[in-house]
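Chemist: Turn this into a model:
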Amino acid sequence: MSVPFDSIAGSAGKGRRRPGRLAPVVGKARKQLQNALASAGYPSRVLVACSGGPDSLALAAIAAYFGRRGHVDGHPVSVAGVVVDHQLQSGSAEVAARTALVLRELGLSPVEVRTVEVASTGFGPEAAARDARHAALESTADDLRCDAILLGHTLDDQAEQVLLGLARGSGTRSLAGMRPARGRLLRPFLGLRREEILEICEVEELEPWHDPSNADPAFARSRTRVEVMPVLEDKLGPGVAESLARTAAILQQDADFLEELANETYLSLVQREGGDAWLPEDSVRGLPAALRFRVIAKAAADVGGQQPGYGRLQAAEALLRRKGSAGPVELPGHVSVYRLSLSDLELERAVSTDGSAPGAAGDSADAGPREAARCGKLVFRHQKPSQQ
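Modeler: Below is the predicted model:
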């Protein structure tokens with residue numbers, strides 16, 4: 001249930017808790033933010049992204065403590081704030097304005113409200129809103145010369161992310177969940193439960209706004225939060241969320257290792273001609289499957305494509321088992337991949353030497369780069385979309 005706007009405004013002056021014994025949950029949250037900033041190299045200026053909800057408002061209150069002190073572990077720090085208005089709900093501008101007021105009362109400076117247009121991207125409304133929000137956060141950080149952007153995601157958010165990845169049949173990278181740090185984005189509260197966040201708001205005498213979309217069954221994440229996770233906790237016992245978050249932490253290490261190895265392997269194999277990229281099929285075929293699929297995905301991205309789904313990657317990888325020239329297989333982002341056989345390459349080389357017409361066999365060779373090789377190739381080419 002949404003907190004009335006006047007409740008948010010009324011809490012604006014209460015962000016600084018009265019002197020007394022430090023609540024353990026506040027001390028825990030301060031330590032987690034302190035560690036996150038230390039891991040990021042102690043950025044001198046940080047930006048708190050705040051929606052007015054419990055997670056980000058608690059984060060703003062904890063960050064404000066360091067802002068008032070003026071340092072973290074002796075390293076100077078100042079704290080700014082930004083509220084992104086997605087314009088997706090009635091009254092969103094008023095919520096954003098009142099949230100900005102709370103942040104200013106907490107001591108964040110400057111505080112900006114950024115209004116965005118959420119355009120349809122074909123990947124769903126949640127993804128579109130996220131893309132628009134992140135673009136606004138990066139733009140604000142640039143304008144305010146902030147080295148870090150603080151996000152209020154919690155352990156519960158991480159658990160839900162992993163569960164959604166499992167339900168969608170995603171790979172290691174998706175199951176690894178949200179990273180504690182990615183570029184300028186820092187998520188210092190991934191070790192805190194949602195009930196701890198609510199306790200921080202209570203201790204700091206803050207009354208957060210509760211986004212009604214968080215309980216809207218139209219969204220998969222909302223259904224996971226309201227319906228699925230409580231059932232899992234009830235049937236499997238407490239600790240499910242912690243176990244899912246621990247899974248993400250383990251898989252992040254595995255994903256990082258595989259990503260680095262795949263990148264090194266790809267760079268050692270790839271050849272380029274014009275706008276095309278090609279890989280020697282014998283070398284790719286000899287790779288372990290975990291690397292083989294990643295190398296193919298990197299080749300598609302290298303020529304301007306998007307991350308292929310597992311089904312499309314399987315189709316592209318199957319070209320390695322075909323006889324003769326084969327394909328194309330279409331990958332997301334207007335990328336075509338096909339196999340050019342050794343016999344076609346040798347014919348192509350002969351044609352390029354004597355200039356004679358290749359005949360029917362040359363039709364497939366025309367699709368690939370003119371390059372001599374001792375084995376066939378997987379060729380990746382970006383195709384311009386037709387204008388209709």
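
Chemist: make it CA atoms for all contacts and neighbour counts henceforth
Modeler: Fine.

Chemist: Point out where this protein drops to low pLDDT.
Modeler: By pLDDT under 70, the low-scoring segments of the chain are 1-20, 120-125, 343-375, 385-388.

Chemist: the strands in the chain, which residues?
Modeler: With DSSP state E, the ranges of strands along the chain come out as 45-49, 71-72, 75-76, 78-85, 111-115, 148-150, 181-182, 185-186, 271-273, 276-280, 326-331, 335-340, 377-382.

Chemist: Dump those into a markdown table; add mean neighbour count as well.
Modeler: Output for the strands of the chain, formatted as a markdown table (neighbours: other C-alpha atoms under 10 Å):
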| stretch | mean neighbour count |
| --- | --- |
| strand 45-49 | 26 |
| strand 71-72 | 18 |
| strand 75-76 | 14 |
| strand 78-85 | 25 |
| strand 111-115 | 19 |
| strand 148-150 | 26 |
| strand 181-182 | 15 |
| strand 185-186 | 22 |
| strand 271-273 | 14 |
| strand 276-280 | 22 |
| strand 326-331 | 19 |
| strand 335-340 | 26 |
| strand 377-382 | 26 |
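
Chemist: Of those strands, which is nearest residue 56?
Modeler: Nearest of the strands of the chain to residue 56, taken as C-alpha to C-alpha: strand 45-49 at 6.8 Å.

Chemist: which one's the longest helix in this protein?
Modeler: helix 240-269 (DSSP state H).

Chemist: ok, and for it, which residues are buried?
Modeler: 240-242, 244-249, 251-252, 255, 258-259, 262, 265-266 (16 or more other C-alpha atoms under 10 Å).

Chemist: All the helices of the stretch 101-250 of the chain, in order from the start?
Modeler: Assigned by DSSP state H, counting those that start in this stretch, the stretch 101-250 of the chain shows helices spanning 125-144, 155-168, 172-175, 194-203, 220-223, 229-236, 240-269.

Chemist: ok, back up a step: out of the strands of the chain, which gets nearest to residue 164?
Modeler: Across the strands of the chain (criterion: C-alpha to C-alpha), the nearest stretch is strand 181-182, sitting at 20.4 Å.

Chemist: Can you pull out the residues in contact with the closest one?
Modeler: Strand 181-182 has contacts (C-alpha atoms under 8 Å, 6 or more residues apart in numbering) with 40, 187.

Chemist: quick one: strands adjacent to it?
Modeler: strand 185-186 (antiparallel) (DSSP bridges).

Chemist: Run through the bridge partners of the spatially closest residue to residue 328 that is not a sequence neighbour.
Modeler: With C-alpha to C-alpha, 6 or more residues apart in numbering as the criterion, residue 328 has its nearest non-adjacent residue at 4.5 Å, and that residue is residue 338. Per DSSP bridges, the residues bridged to residue 338 are residue 379.

Chemist: surely residue 338 meets residue 327?
Modeler: Yes - assessed by C-alpha atoms under 8 Å, residue 338 is found in contact with residue 327 at 4.4 Å.

Chemist: List the residues that are in contact with both of those two.
Modeler: Counting by C-alpha under 8 Å, 6+ apart, the contacts common to residue 338 and residue 327 are residue 319.

Chemist: check contacts around residue 143.
Modeler: Residue 143 makes contact with no residue, according to C-alpha under 8 Å, 6+ apart.

Chemist: Repeat that for the one 3 residues further on.
Modeler: Residue 146 makes contact with 43-47 under the criterion C-alpha under 8 Å, 6+ apart.

Chemist: And residue 167, how far from residue 108?
Modeler: Computed as C-alpha to C-alpha, to the nearest Å, the residue 167 to residue 108 distance reads 39 Å.

Chemist: neighbour-wise, which of the two wins?
Modeler: Legend: neighbour count by other C-alpha atoms under 10 Å for residue 167 and residue 108, higher for residue 108 (25 against 9).

Chemist: Pull the number of nearby residues for residue 126.
Modeler: Neighbours of residue 126 under the rule other C-alpha under 10 Å: 13.

Chemist: Also the one 4 residues further on?
Modeler: Here the number of neighbours of residue 130 (other C-alpha under 10 Å) works out to 13.

Chemist: List the single closest residue to the residue nearest to the spatial centre of the chain in space, sequence neighbours excluded.
Modeler: The centre of the chain sits closest to residue 178, judged by C-alpha atoms, centre = their mean, with a distance of 6.7 Å. Closest residue to residue 178 apart from its sequence neighbours, by C-alpha to C-alpha, 6+ apart: residue 158 at 6.4 Å.

Chemist: and the one you found, what does it touch?
Modeler: Taking C-alpha under 8 Å, 6+ apart, we find residue 158 in contact with 177-178, 190, 244-245, 248.

Chemist: quick one: which of the residues you listed is nearest residue 73?
Modeler: Nearest to residue 73, judged by C-alpha to C-alpha, of the contacts of residue 158 is residue 190 at 21.2 Å.

Chemist: what are the phi and psi values for that closest one?
Modeler: phi -70, psi -10 (degrees, to the nearest 10).

Chemist: Repeat that for residue 303.
Modeler: phi -100, psi 10.

Chemist: Equivalent analysis for the one 4 residues further on, please.
Modeler: Here is the backbone geometry of residue 307 (degrees, to the nearest 10): phi -60, psi 120.

Chemist: is it true that it touches residue 297?
Modeler: Yes - with contact defined as C-alpha under 8 Å, residue 307 counts as touching residue 297 (6.5 Å).

Chemist: Name the nearest residue to residue 189, ignoring sequence neighbours.
Modeler: residue 154 (5.1 Å).

Chemist: Contacts only, for the one you found.
Modeler: By C-alpha under 8 Å, 6+ apart, the residues touching residue 154 are 55, 189-194.

Chemist: Tell me how far stretch 128-135 lies from the chain's centre.
Modeler: The chain centre lies 11 Å from the centre of stretch 128-135; the measure is C-alpha atoms, centre = their mean, to the nearest Å.

Chemist: ok so, going back, distance to residue 162 for the strands of the chain - can I get that in CSV?
Modeler: As requested, these are exported to CSV (distance: least, C-alpha to C-alpha, whole Å):
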stretch, distance to residue 162
strand 45-49, 23
strand 71-72, 32
strand 75-76, 35
strand 78-85, 26
strand 111-115, 30
strand 148-150, 21
strand 181-182, 17
strand 185-186, 18
strand 271-273, 36
strand 276-280, 33
strand 326-331, 26
strand 335-340, 29
strand 377-382, 32
